[in-house]
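Colleague: here is my input, please return the structure:
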Amino acid sequence: PDRAEAFETVTDRTPMGFRDNAAYAHLLEKARAKSPAELAADARRDVALTHLWERPELYRGVPIHLQGTVLRVIRFESKMSKAGWLYEAWIHTPDVRRLLYDCVFEEPPEGFPIGTDVHERVVFNGYFLKLMKYQAGDVARAAPVLVGKIGWDRNPAATPADESNRILTWSLIVVALLFFVSLGRWIYRLIHYVSFPHRRGPASRSFSDEIPPEDLQAWVESQEDEDPMRGER
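Modeller: Okay, the predicted model is just below:
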């Protein structure tokens, strides 16, 4: 941990107050002196929320790396910042979703959203200050406070799952279009068939060269009746 005198007045599980200002300013100065790449290289990736929760004094001033989702970003005036403003991002990580990190930084990325209803993937590298007590409705909670730099990509690359879903969606759209085109053609032909029956063509008729015996006998008898000379012979 950082052994600077500024941390001597810091107390965990209490609200942020005047006694934390010296350590607050100390960590802002340390973060300001590092580039984002340098701070990311120094940040530890083996420190979990349980470590900070159980023994916060062992990680005072230690740079920690976070990857998570920011849910709320607040901008407030502060004399500790050279620009006169500080930003506070509340971030939850995949390992612990019910508890949040309170991450403070001076320079937001261009276009970074600010508000109480944010849902963006971010990276944060910052120095641990303390466990801060705060009220969430009627429940008292505590959140680790980190001071550092935030990273955010406005147009993140699509994950394999996103790409697969996109291909599946377009495939279903193409299949649906082909189905409706085929259905439309079938309906058109059906309507045309019903509306114009005379265009169906003459019904086919079959003929046979064979004469039924009874018809042949009747014809012979009719010929005998019509021949008057046959009786005189």
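Colleague: tell me the secondary structure of Leu178, please.
Modeller: helix (DSSP: H, G, I helix; E, B strand; the rest coil).
Colleague: ugh, wrong one, Leu52
Modeller: With three-state DSSP as the criterion, Leu52 was assigned helix.
Colleague: give me the pLDDT value at it.
Modeller: Per-residue pLDDT puts Leu52 at 95.
Colleague: same check on Ala157?
Modeller: pLDDT for Ala157: 52.
Colleague: ok, now Arg205?
Modeller: Confidence score, pLDDT, at Arg205: 52.
Colleague: pretty sure Leu28 sits in a helix.
Modeller: Yes. Residue state for Leu28 (three-state DSSP) corresponds to a helix.
Colleague: got a list of what it touches?
Modeller: Met80, Ser81, Val104, Glu106, Val147 (Cβ atoms under 8 Å, 6 or more residues apart in numbering). In this view, the C-beta of every residue, glycine as well, is placed from N, C-alpha and C.
Colleague: grab the nearest non-local neighbour of the second one.
Modeller: Nearest residue to Ser81, sequence neighbours excluded (Cβ to Cβ, 6 or more residues apart in numbering): Glu106, at 5.2 Å.
Colleague: ok, now the third one?
Modeller: Using Cβ to Cβ, 6+ apart and skipping residues adjacent in sequence, the residue nearest Val104 is Val147, 4.8 Å away.
Colleague: now find how far off-centre the strand ranked longest in the chain is within its chain.
Modeller: Longest strand in the chain by number of residues, with DSSP state E as the criterion: strand 120-136. From the chain centre to the centre of strand 120-136 is a distance of 25 Å (Cα atoms, centre = their mean, to the nearest Å).
Colleague: helices or strands next to that strand in the packing?
Modeller: The helices and strands touching strand 120-136, judged by 3 or more Cβ pairs under 8 Å, 6 or more residues apart in numbering; DSSP states H and E, are helix 21-32, helix 36-42, helix 49-54, strand 63-77, strand 85-93, strand 96-105, strand 139-151.
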